[in-house]
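# Return atomic coordinates for the entry below.
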Amino acid sequence: MLSHLPRCSWCLSCALLLIVGLWLPAISAIAAPRIGVATMQPGEIFWERFGHDAIVVDDPARGEPISYNFGFFDLEEPGFVWRFILGEMEYELVALPFAQDLVYYRDTGRGVSIQWLDLSETQATQLAAALAENAKPENARYRYDYFTNNCATRVRDALDETLGGLLQRQMQTRSHGNTYRSEAVRLAAPADWMWLGFDVLLGPFADQLRSRWEDSFVPMNLADNLRQARRADGEALVRSEQILLPHRIAPEPLPAPRRWWPWLLIGAGIACAFYLLSRSDPRRAAWAALPFWILCTLLGLLMLFVWGFTSHRAIWANHNLLLFNPACVLLLPGAIRLLRGRNPGRVFTTTLLVVLIGAALSLFLLWLPVQPQRNAPWIALMLPVHAMLWWLLTRRLALHAALSGPPS
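Purely as a prediction, here's the structure:
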C-alpha cells in the first residue's frame, strides 16, 4: 500500500491542476465587470435638452450595476449662480445604483438605452477601478463646459483612456457638417427663447466644423459614434444594445436648414413699419426705435461682459456685437430729445451712422474665411432696420427744418 502512495498523490495533483485550469477562466469571466454606456434622451426642462449619459459598471462583486453619472450639480450651492455667470461652475461625478438612476428618467418619460461594450477583462477592470477612484469626493468635481467638458465628453474621455487613445484616433474624421452652434440650436429648438439665445450669443468658435470626436459632446452623437467604433482587432466595440426605457415625450429634433431670407423679410417689414410711422411725424419713428435701441444696448453690453470677464469662450469675439451695438446707448438721450420736439444733437446723428457702418461691416466679415460666424440670419434681420433708421432720422426727415425751437 505504501508503495502506491506517491503515484496516487501525483494523480491527485494532476486532477487538481486540471480542475483549476478549467475553472480559472470561468472564475475570471465571472469576476470581470461588464461595462455599458447608458444614453438618456432629451427632456423638457431646459438643462435636459441635450440629453445625458453615464457609464454603467455591472460588477458581480458589487451585487448590482453601478451608474457613474458625471451630470450632478447643486443649484443651492453657495456661489453656484455667480460661477455659472462667469463660466466657472463645477459638476461632479456620482456613483449610484443604476436602478436608482433610472427612476427619474422613467418618471419623466425620457427614453434610456444601453450599449454593452466588448472590452477585455483587463480593460473593464481598469476602467471600473478608475471610475471608483474618480467618484471619491476629493476627485469627483470638475470644471464644466457646455461643449468641451460635459457629461458626454467625460464618458468619451474615460473610454478613450481605457482603450489607449483608440476612440480619438477613429473619431478624428469630420462629422456631417455639424458645429457647436448647429447642434445647440437644433436641440434647443423646442424652446424658442433658448435656441434664439444660443444663436445670437454664440461667436465664431461655435461655427468651426467639428470632428466626430468633438461632435460627441452630445450624448446621442456619442452613442452613434460608439456604434461605428472598432477595437484594436477590428471587431465592433459595442457588443450589444438594448432599450431599457421607452421615450414617451417629444423626440429629439431633427436637423433643419437655417435659411436667411425669412429673417430678411422680417427685417424689411420692421423697416417699412418705421417708415410708415415717420411719414406724418418723425418723432413716431424715434418712439418706436427707443425699445429697439435699448435691446441692442443690453445685448451688446452682455456680449462685451461675457467676452471680457467670463470663461464662456464660445461667446467671445461675437460678430453680432456689430448688429446689437452697445453704442446704441448714445442714441437714447437724443431719442428722448426728439420725443420732446427738440433737436437730438450731433452725437445722435453721428452714432446712427456709426451703428449702420458696424452693421454693414458684419456683412463683410461674413464673407471672410478668417473666423467665420454663421450669423447671416441676424444680419438679414438687423441691417435693414439700422439702415432705415439712419435714413429716416438723418437724411430724409431734415431734422433741423422739421423740429421747432433752436438746437440744444
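
# send the alpha carbons of the strand or helix carrying residue 335 over as CSV?
Element membership for residue 335 (DSSP states H and E) is helix 331-339. Output of helix 331-339 as CSV, limited to C-alpha atoms (Å, rounded to 0.1, in the frame of the first residue of the first chain):
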residue,chain,number,x,y,z
LEU,A,331,-28.8,107.2,-29.1
LEU,A,332,-31.1,107.1,-26.1
PRO,A,333,-30.7,110.8,-24.9
GLY,A,334,-31.1,112.0,-28.5
ALA,A,335,-34.3,109.9,-28.9
ILE,A,336,-35.7,111.4,-25.7
ARG,A,337,-34.9,114.9,-27.0
LEU,A,338,-36.6,114.1,-30.3
LEU,A,339,-39.7,112.9,-28.5
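
# so how far is the helix or strand following that helix from its chain's centroid?
Next in sequence after helix 331-339, counting helices and strands by DSSP H and E, comes helix 346-367. Centre-to-centre, helix 346-367 and its host chain are 31 Å apart (Cα atoms, centre = their mean, to the nearest Å).

# ok, and what's touching helix 346-367?
296, 319-320, 322-323, 325, 327-328, 330-331, 333-335, 337-338, 372-373, 375-376, 379, 382-383, 386-387, 389-390, 393-394, 399 (Cβ atoms under 8 Å, 6 or more residues apart in numbering). To be clear about C-beta, it is placed using only N, CA and C from the backbone, and glycine gets the same treatment.

# What's the first helix or strand after it?
Toward the C-terminus from helix 346-367 - assigned by DSSP H and E - lies helix 376-390.

# and that following helix, average pLDDT?
Mean pLDDT, taken over the full extent of helix 376-390, equals 97.

# Equivalent analysis for stretch 141-157, please.
96.

# mind saving the C-alpha coords of it as CSV?
Taking Å, rounded to 0.1, in the frame of the first residue of the first chain, the C-alpha atoms of stretch 141-157 are listed here in CSV:
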residue,chain,number,x,y,z
ARG,A,141,-15.7,67.7,-9.1
TYR,A,142,-14.7,69.1,-12.4
ARG,A,143,-14.9,72.4,-14.3
TYR,A,144,-17.9,72.2,-16.5
ASP,A,145,-18.1,73.5,-20.1
TYR,A,146,-21.2,73.0,-22.3
PHE,A,147,-19.2,72.0,-25.3
THR,A,148,-15.8,70.8,-24.3
ASN,A,149,-16.1,69.3,-20.8
ASN,A,150,-19.6,67.9,-20.1
CYS,A,151,-21.2,64.6,-19.1
ALA,A,152,-20.8,63.1,-22.6
THR,A,153,-17.1,64.2,-23.1
ARG,A,154,-16.2,62.8,-19.7
VAL,A,155,-17.7,59.5,-20.7
ARG,A,156,-15.9,59.6,-24.0
ASP,A,157,-12.6,60.5,-22.5
